[in-house]
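# Sequence first, then the predicted structure:
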Amino acid sequence: MSSREENETRIIILQGIIQQLMTTRSNELFKKLALTTSEFGIINHFSHQPTRSWTVSELAQVMEMNQPGITKLVANLIDKSALSATTDAFDKRKRHLLITQQGLNLCAETMEKLQPDIRLCFADWQDDQLTQFAEHNEKLMHWLDNHRL
């Protein structure tokens, strides 16, 4: 195996370990919050374009979740008044989902409550290290997003 291949393999292994550690940490942090990690993922997704509506099918695709799972999460978020649903004018089976002001507030409050742990995680990092790390992660995220299996 070449040096490059060893580095590529090491990065993928490290990313897997980081993903597991982050999942465990997030699950523990979210026990104290009003949302689950999955619910937060959905309203955070909506918060980036708050005027855009999504269907359950579109969400299932972009969030890479099955439709029954998304449907259950959406129902929970509608119950929490974080999302609103309107029936499609042409297809009564289809609903258009929008984030509500309550949902935007809940998303912002959740981020605010997570901030102390986020700051703690990166406390020993220099600003330039954070910038480079963010840029590299964004590049990897875009590649993965554009090459979904």
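Looks like it arrived, so ask away.

# for the protein, what spans make up the strands?
83-87, 95-99 (DSSP state E).

# In the protein, which residue is most central in space?
For the chain, the residue whose C-alpha lies nearest the mean C-alpha position (Cα atoms, centre = their mean) is residue 41; its distance is 3.4 Å.

# What residues sit buried inside stretch 33-41?
35, 38, 39, 40 (16 or more other Cβ atoms under 10 Å). C-beta coordinates here come from the backbone N, C-alpha and C atoms, glycine included.

# Repeat that for stretch 63-73.
63, 65, 70, 73.

# Repeat that for stretch 15-24.
For stretch 15-24, it's none, nothing buried (16+ other Cβ under 10 Å).

# Quick check: mean pLDDT of it?
Stretch 15-24 carries an average pLDDT of 97.

# Pick the most buried one from the strands of the chain.
strand 95-99 (a mean of 20; mean count of other Cβ atoms under 10 Å).

# From the rest of the structure, what touches that one?
43, 46-47, 50-56, 59, 74, 82-88, 107 (Cβ atoms under 8 Å, 6 or more residues apart in numbering).

# let's see 10 Å
Here strand 95-99 makes contact (Cβ atoms under 10 Å, 6 or more residues apart in numbering) with 42-56, 58-59, 70-71, 74, 77-78, 82-89, 103, 106-107.
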